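Peer 1: Predicted model, plus sequence, below.
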Amino acid sequence: MRKLCLVLVSVLLLLSAAENLLAQFSRGTIKRNNKRIATYRGRKSGFGKDKIYNAIGFSVSALNYYGDIAPLPKKLSTDISFTRPALALSLAHRFGPRYTMVGQFMYGTLSASDSKTAKPTGESQYRYVRNLSFRNRIKELSVIAYFDLFKNESTYISRVLWTPYVYLGIAAFINNPQAQAPQHALDGSVLPQAGQWVDLRPLHTEGKSYGLVQPAIPFGIGARFRINEVMDLWGDIGFRYTFTDYIDDVSGNYVALSSFGNNKLAQAMAYRSNELYPGGIVPNGVPSGLYYSNGTPILVVPGYGNAGDKRGTSGNRDIYMVTSIRLTYIIGATFHKAKFR
């Protein structure tokens with residue numbers, strides 16, 4: 001009987017020890033599993049379909065222009081006061097651990113004015129006396145590749161909290177510069193288009209033609225921030241390098257105003273110094289004669305308006321800068337794609 005009791009006690013002690021050991025093992029297992037769950041970042045074995053997704057986006061941007069109508073005759077000269085807004089819609093496709101392709105349509109305005117940005121004396125005097133201005137309502141369609149600096153092989157739910165990126169792409173835009181017509185033609189008569197915004201491209205103000213649709217190369221840098229499981233905030237700054245010098249309708253030299261025939265609007269839009277200096281007289285300047293095809297003499301500022309006089313800087317392509325804030329919403333993906341495997 002005593003031996004039986006001893007055996008029973010021994011068994012009970014062994015069972016109690018086993019139970020304690022099992023409980024400790026279970027607690028350790030649970031802790032490890034919880035830790036795995038808390039740090040889970042998706043499968044690391046390649047970039048499968050569960051990690052490919054699309055996103056739609058809306059952007060608000062600021063546009064700045066670099067070209068011939070700028071405060072100073074320098075490539076990087078611009079007038080911040082002429083910063084203009086732009087809006088855009090985009091569709092993004094995430095197809096790799098670092099790569100996103102974005103198709104976007106953007107609408108915005110570029111503008112500048114000699115009389116408002118240049119000074120009547122000093123280095124920018126030439127541009128002030130020239131007195132040209134423009135606006136260009138840009139309609140741009142682009143396809144841009146984004147390269148993330150922080151690699152992300154997770155599903156979209158577990159994507160990185162933030163990452164800097166660089167981008168490069170191709171774009172095409174509608175290039176249709178306009179300017180506001182003056183009250184009077186060069187001969188003093190009232191223009192029917194006075195005060196209206198008129199298209200400059202059909203007027204051939206420098207005697208040359210340029211296409212309505214122009215290519216450009218977008219490039220820049222930025223950063224993307226995760227807001228929640230399906231929304232990201234992008235912020236970037238970049239440039240559009242164009243292959244035209246006529247975003248502002250200014251590039252080369254004046255042509256003889258007589259070459260416009262009786263097109264008084266074209267004459268008035270090609271030469272605008274008379275609006276600041278009627279009769280072609282400037283301080284310490286002597287007016288020179290210019291004749292229409294009908295023989296009417298018109299006095300212009302020396303160095304402006306005659307055939308061959310400098311109107312712009314040929315050879316320098318125009319550029320515009322795009323500073324954007326974009327909000328994107330992930331579509332085409334569901335939470336079950338992020339389940340543990």
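Peer 2: Okay, I see it.

Peer 1: What are the boundaries of the strands in this protein?
Peer 2: For the chain, the strands defined by DSSP state E cover 53-66, 84-94, 99-113, 133-148, 162-174, 177-180, 197-199, 213-226, 231-242, 288-291, 297-300, 319-331.

Peer 1: export these to TSV and tack on mean neighbour count?
Peer 2: The C-beta positions use only the backbone N, C-alpha and C, and glycine is treated the same way. As requested, these are arranged in TSV below (neighbours: other Cβ atoms under 10 Å):
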stretch	mean neighbour count
strand 53-66	19
strand 84-94	18
strand 99-113	19
strand 133-148	20
strand 162-174	17
strand 177-180	20
strand 197-199	14
strand 213-226	17
strand 231-242	18
strand 288-291	15
strand 297-300	18
strand 319-331	19
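
Peer 1: With mean pLDDT and distance to residue 77 added, can I get those in TSV?
Peer 2: TSV is the format used below for these (pLDDT from 0 to 100; distance: least, Cβ to Cβ, whole Å):
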stretch	mean pLDDT	distance to residue 77
strand 53-66	96	7
strand 84-94	96	17
strand 99-113	97	10
strand 133-148	97	16
strand 162-174	97	22
strand 177-180	98	19
strand 197-199	98	25
strand 213-226	98	20
strand 231-242	97	14
strand 288-291	65	29
strand 297-300	78	26
strand 319-331	97	11
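
Peer 1: Let me have those strands in TSV, extended by distance to residue 186.
Peer 2: Written out in TSV, the entries for the strands of the chain read as follows (distance: least, Cβ to Cβ, whole Å):
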stretch	distance to residue 186
strand 53-66	27
strand 84-94	30
strand 99-113	20
strand 133-148	17
strand 162-174	30
strand 177-180	15
strand 197-199	15
strand 213-226	30
strand 231-242	31
strand 288-291	8
strand 297-300	5
strand 319-331	31
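
Peer 1: Correct me if wrong: residue 78 contacts residue 65.
Peer 2: Yes. Residue 78 lies in contact with residue 65 (Cβ atoms under 8 Å); the separation is 6.4 Å.

Peer 1: Now list whatever residues contact both of the two.
Peer 2: The contact sets of residue 78 and residue 65 overlap at residue 321 (Cβ atoms under 8 Å, 6 or more residues apart in numbering).

Peer 1: ok so, going back, out of the strands of the chain, flag the one nearest residue 266.
Peer 2: Among these, strand 197-199 comes nearest to residue 266, with 9.7 Å by Cβ to Cβ.

Peer 1: just checking, what packs against that closest one?
Peer 2: Contacting strand 197-199 under the criterion 3 or more Cβ pairs under 8 Å, 6 or more residues apart in numbering; DSSP states H and E are the following elements: strand 177-180.

Peer 1: hmm, who's touching the strand it packs on?
Peer 2: Contacts to strand 177-180, defined as Cβ under 8 Å, 6+ apart, come from residues 132-137, 195-201, 246-249, 269.

Peer 1: go on, stretch 320-329?
Peer 2: By Cβ under 8 Å, 6+ apart, the list of residues contacting stretch 320-329 reads 55-66, 78, 86, 88, 90, 92, 106, 110, 138, 218, 220, 222, 230-240, 242, 247.

Peer 1: Just give me how far stretch 115-130 sits from the chain centre.
Peer 2: Relative to its chain's centre, stretch 115-130 lies at 28 Å (Cα atoms, centre = their mean, to the nearest Å).

Peer 1: measure it end to end?
Peer 2: Using Cα to Cα, to the nearest Å, the span of stretch 115-130 from its first residue to its last is 8 Å.

Peer 1: Please point out which parts of that stretch sit buried.
Peer 2: When burial is assessed from 16 or more other Cβ atoms under 10 Å, stretch 115-130 yields the following buried residues: 115, 117, 118, 124, 127, 128, 129, 130.
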